[in-house]
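In: Need the 3D shape of this:
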Amino acid sequence: MIRLASWSEEAERMLDRVPGITVAELKREYEQGPHVQLWEFSDEHGRAGFMVTRLERKGCGHEWVWLAGAGRDFKKFIPAFAQQALDRGIAIRTYIQRAGLRRMYERLGFRVSEYVMRRSY
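Out: Model (predicted):
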């Protein structure tokens, strides 16, 4: 099951494990408007995790940005999220930091569209 959820301490704890994001920043975006949503997903064994998304206007269409996702068996829910976008004709953009996630997304038809490089001082 996938459903919209309200911000919670449980979501914060799970999302805090995602590398490269700041939970406080996600929460601030979520609280600023309806374009950022928190999704809760679960399977027949109970609660599994959360995903934060943002809908952006791109040219004459929309792009669904997957900002962060975390939880037990997170990867088994990705196809269901992707199908929702496909059914609505919405492109998807996501950022990843682990090679295993890249392979998983590529199997689902995603492709690399940019590289981001950083240097901290």
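In: from here on, contacts and neighbour counts on C-alpha atoms
Out: Fine.
In: where does the residue in the chain sticking out farthest from the centre land on pLDDT?
Out: Most distant from the centre of the chain: Y121, at 28.5 Å, with distances by Cα atoms, centre = their mean. Looking at Y121, its pLDDT stands at 89.
In: State the helix or strand in which L38 lies.
Out: Using DSSP states H and E, L38 falls within strand 36-43.
In: which residues are in contact with that strand?
Out: Residues outside strand 36-43 that contact it (Cα atoms under 8 Å, 6 or more residues apart in numbering): 1-7, 29-30, 47-55, 77.
In: List the buried residues of it.
Out: Across strand 36-43, burial judged by 16 or more other Cα atoms under 10 Å covers V36, Q37, L38, W39, E40, F41, S42.
In: now swap in stretch 41-57 and tell me
Out: Buried, per 16+ other Cα under 10 Å, within stretch 41-57: F41, S42, A48, G49, F50, M51, V52, T53, R54, L55, E56.
In: Quick check: of these, which lies closest to E12?
Out: Proximity of these to E12 (Cα to Cα) peaks at F50, which lies at 9.2 Å.
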